[in-house]
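Participant: Need the 3D shape of this:
(chains A and B)
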Amino acid sequence: MNDPHDLAEYCVEFGRGLGAIYVEARYERKVGRGLAYRNGEPVSGGISPLSGIGVRLLVDGNIGFASFDRIEKNLAEEAITAAFKMAKNSRRKEPIDLGEPVANEGKWSVDVKQSLSDVDIDTIMDFAKQMNEQMNGLAQYTMMINPTVTDKFLVTSEGTKLTGHLEHIFMFTLLTAAGDTGSEQKFLDLTRCGGWEQVRETRVVEVLGEEVNRLKRSATQAKAVKELLERPIDIMVGPEVAGIISHENVGHPSEGDRIMGREGAQAGESFWRDLTLGESRVGSDAVTVCEDPTIPNTGGFYLYDDEGVKARKRTLIKNGIINEPLLNREFGVRFGRESNGAARASAFNREPIIRMANTFFEPGDHSFEELVEDVKLGIFMRSFQEWNIDDRRYQSKYTGSEAYLIKDGELTETMVKRPVLETTSVGMLSAVDAVSRDLRFDFPGTCGKSDPMQGVPVYAGGGDVRFRGIRLGGVG
Amino acid sequence: MTSMDEMKAIVDAAVDFAEDKTEGIIVRGTLGKESQVRFSQNSIDISKRWHEMKLEMFIILKGAQSGFAERSVTNADEAKQAVEDGIAFIKHLPESLFFAGVEEKVSKYKPVPDLVDPRFDDFTEKAPQFVNKAIEAAIDEGAVRVAGALAFGRQERYLRSSYGPSGESVATIFDLNVRAFQDELDYSGQGLTCGTKPTSAEKEMVEAGAKAGRLSKQASSAVQGEPGKYDLVLSPTVAANVLGFVPGAANPFMVLIGLSPLGDRMGQTIAPEGVSVWDDPTMPQGLGSRSFDFEGTPARKTTIVDGGVLKGFIHNTTTARMFETESTGSSGAAGLGSGVKMLLPVSSNIVFNQGDHSLDELLETNRPTIYVTCNWYMRFQNYQTGEFSTIPRDAMFLIENGEMKPIKNLRISDNVMRMFANIDAMGRDRTQVYWWEVSTPTFIPTVRVKDCRMSAATQ
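Facilitator: Predicted coordinates for the structure are as follows:
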């Protein structure tokens, strides 16, 4: 049996034969090519066509997962049998229920004009040269470019049969600028989703050049501004910082598996556990945060999730009230709802779990200038570097990389050195009084969760967000 | 099912096939069978099994024109095709500025003791029982809810270089992470254990559960901590993540790309005299132990910090030639994003010296002191200067008048080089740490660090 689709269908049949009441098999082939550069010079290149089948089965209310990387019937049978036995020995007190059967058939794909498969390595190297030129003049710079094409085939014992196609140009840089006020570093992710046309249509070369110039300025000009530490101030953040806040302070705590404790020993639980959906207020009326995998050519794009559920937009916080958690089939049942299509697996050898896709502050109706003109004393934090948040997703810290002083309604040229936004999630979201109308996804990233770690591409963003009366944090 | 002999034949086929098409090739085959049992809310959530057989190939086409190819294969024909595809890709690449040769000397390798559990095959069906015993131990100590993961696996490897070296290895590994909670979200504790012989680790696994349960109970009624300057007593779990970063950055590639604070510190005192650290791939039961590296250079212990002085970096052949020194047997296939690997120095086990204090002695102090048992999410503002922060999670205690008072919601916001220099005392409880936040196995005791800065949310 050499055809991976045939073997996936056989896996379903074999698992059912062992006694599993539900079996899903997902074949995934991910072909990545990559180049790495340091200070403009090539340091490595490689290819990695990785593929295999992951099988999940439900046995007497227990779940087992098996994966194998070679298309061999005997290997499939051995792996599935081992997972079946381990699952059977698990003896859960509360059986897992996946809810109503799901049977979707069809094909889906990200929009592609020029497939990455058709782009030769010389073209990629020419592009890399242009990118490296943008970083010239930095003290150090490292860049990885990895065009990757992913094909999926999902088949289940309930009748789902889906094929999916994704293309990502993973682009990641580490920038170090040295200047009069010390060195400043930034990890800058420029990942694009779609065909090779994305590098042109999204102006990625120009975007990198602009980021580099601003980092150089920050290393040269940023300084401490004492009066900002003396009292609460207004803080405006751009779509990059709004994006990381929507991801960390809203998206993660909305994950149903965290709320119910399944990630307890790894990514943690969620402060949403002790709140009531549709009732509990965690932010001001100006805060509406959504999640949407269906936005074309975004890092987290998909149309059917890895359990075969049709993807849709989710409103996590509506006007400051928690509204809807992210759910897969198992946790859809546990919440008395149904899956909202949030199950993703990072590769064939990982179980599908609840993940974000593209998370963002819904835009408001102000212009950027209107937000600035109401600020007497504050900062505009355009980008960040250091950040973290506790595992209940309640205590967070974002340290500015590029930040400007706002004084008497004017955005000044004065750059503020590393301002620290260190708050609770509710303390911060309650301080929002306005969001601009300019929705941008300025934060492509790789979201990590679970054990073994699953890194999946996501986008995050928003309009510009204004917080009123926040005291800067850190250690002064 | 593929055996070691079959894998060796496939690796040999790839190397032989590349002989007249390349200047050289190193092929490492890995045959792995791994499992994991994950649990939460006192019940097993999922049991997983992975089977893999992959080839990692470093191909030197001509001069420094080189690159990596990685692929799962079933037979010799697929291995040859993988070589062809790798060559077709690499022939378009310019010469790498980060390649200066590989190991050419053929050596005999000394096996590292205690890396294989002879009864490993019996463990798969027993694993759920071990997990349930760890959960029960946590509950017996006062936990209400218990979560965690037990991973275990067996890995066979065969390396062959066209330059001469070849070798094979077998290792078994396990690691257990137990986290216990009260009903509340923030009264929690963690217990860890790891090693190479899961079938004889039942006692340690039960104790990991018991420790998690005990700490979660002790953390009950934790109150908001006060930001400020404190001496910190870091458990081995925290010390491995925070202080282990420094010897982990004793890597020339990290320096060259701006991710190390050690670039200009060689020969300088960076810690008190009582602190020494090694990279040691020969540690018995070390999860990073091995007899030889990716190029076939024999593994050896490398001194990183000796009596507080930075003495050395780890090297492979390329970096050793760049820095006019010798390889430390640290060559590895390091991942650089989707699809790219690179031949780089890679840490094996980071090993700190044992100290001579008991935990009680470390906690006996008149200075403002906090005992941190676990942390996560360490992020840097600047790797070269060392400014970072990380969040204590699970039980944390303010030490006051000889008592441990549970506190919560503080963040370590400091400089990792300053903390390394401020190490004040080391415990005699050295243990191996490996978990979500510590990916390089690190042998380290409880460590006390003077004058650390703790911050908290402003609203």
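
Participant: So what's the residue count around residue 227?
Facilitator: I'll assume chain A. Other residues lying near A:Glu227 total 10 when counted by other Cβ atoms under 10 Å in any protein chain shown. To be clear about C-beta, it is placed using only N, CA and C from the backbone, and glycine gets the same treatment.

Participant: I was thinking of chain B, sorry if that wasn't clear
Facilitator: What B:Pro227 shows, counting by other Cβ under 10 Å, is a neighbour count of 20.

Participant: Please apply the same query to the one 4 residues further on.
Facilitator: Using other Cβ under 10 Å, B:Asp231 is surrounded by 20 other residues.

Participant: For burial, what's the neighbour tally of the residue of chain A at minimum distance from chain B?
Facilitator: For chain A, the residue positioned closest to chain B under Cβ to the nearest Cβ is A:Gly32, at a distance of 2.7 Å. A:Gly32 is flanked by 22 other residues according to other Cβ under 10 Å.

Participant: need the contact list for it.
Facilitator: Applying Cβ atoms under 8 Å, 6 or more residues apart in numbering or on different chains, one finds that A:Gly32 lies in contact with A:47-50, A:146-149, A:170, B:338-340.

Participant: Which of those sits closest to B:Asp122?
Facilitator: A:Leu50 (31.2 Å; Cβ to Cβ).

Participant: Identify the spatial nearest neighbour of that closest one, chain neighbours not counted.
Facilitator: Beyond its immediate neighbours in the sequence, the residue positioned closest to A:Leu50 (Cβ to Cβ, 6 or more residues apart in numbering or on different chains) is A:Lys30, lying 5.3 Å away.

Participant: Let me know the pLDDT of the one you found.
Facilitator: According to the model's per-residue confidence, A:Lys30 sits at a pLDDT of 95.

Participant: shouldn't it be in contact with A:Asn146?
Facilitator: No - look at A:Lys30 against A:Asn146 with Cβ atoms under 8 Å: they stay out of range, at 10.6 Å.

Participant: ok, back up a step: let's verify the residue of chain A closest to chain B: helix, strand, or coil?
Facilitator: At A:Gly32, secondary structure determined by DSSP: H, G, I helix; E, B strand; the rest coil is strand.

Participant: What's opposite it in the beta bridge?
Facilitator: A:Gly32 has these beta-bridge partners by DSSP bridges: A:Ser48, A:Thr148.

Participant: In the stretch 1-150 of chain B, where is pLDDT below threshold?
Facilitator: Of all residues in the stretch 1-150 of chain B, those with pLDDT under 70 make up the ranges B:1.

Participant: picking that back up, what distance do you get for the residue of chain A closest to chain B to A:Arg258?
Facilitator: Distance, A:Gly32 to A:Arg258, by Cβ to Cβ, to the nearest Å: 30 Å.

Participant: just the strands in the stretch 1-150 of chain B please.
Facilitator: Read by DSSP state E, counting those that start in this stretch, the stretch 1-150 of chain B holds these strands, from start to end of the chain: B:24-40, B:43-62, B:65-72, B:145-161.

Participant: The third one to strand B:43-62, inter-axis angle?
Facilitator: Right, strand B:65-72. Here the directions of strand B:65-72 and strand B:43-62 differ by 150 degrees (axes from the mean of the first three to the mean of the last three Cα atoms, to 10 degrees).

Participant: In the stretch 51-200 of chain B, which residue sits closest to chain A?
Facilitator: The nearest approach of the stretch 51-200 of chain B to chain A comes at B:Ala147, 3.1 Å away (Cβ to the nearest Cβ).

Participant: dump the residue contacts of that residue.
Facilitator: Taking Cβ under 8 Å, 6+ apart as the definition of contact, the neighbours of B:Ala147 are A:261-265, B:39-41, B:178-181.

Participant: Kindly recompute the last result at 6 Å.
Facilitator: Residues touching B:Ala147, when contacts are defined by Cβ atoms under 6 Å, 6 or more residues apart in numbering or on different chains, comprise A:264-265, B:40, B:179.

Participant: again, but for B:Ala219
Facilitator: Counting by Cβ under 6 Å, 6+ apart, B:Ala219 touches B:187, B:395, B:406.

Participant: same thing but 8 Å
Facilitator: B:Ala219 makes contact with B:182, B:186-189, B:394-396, B:406, B:408 under the criterion Cβ under 8 Å, 6+ apart.
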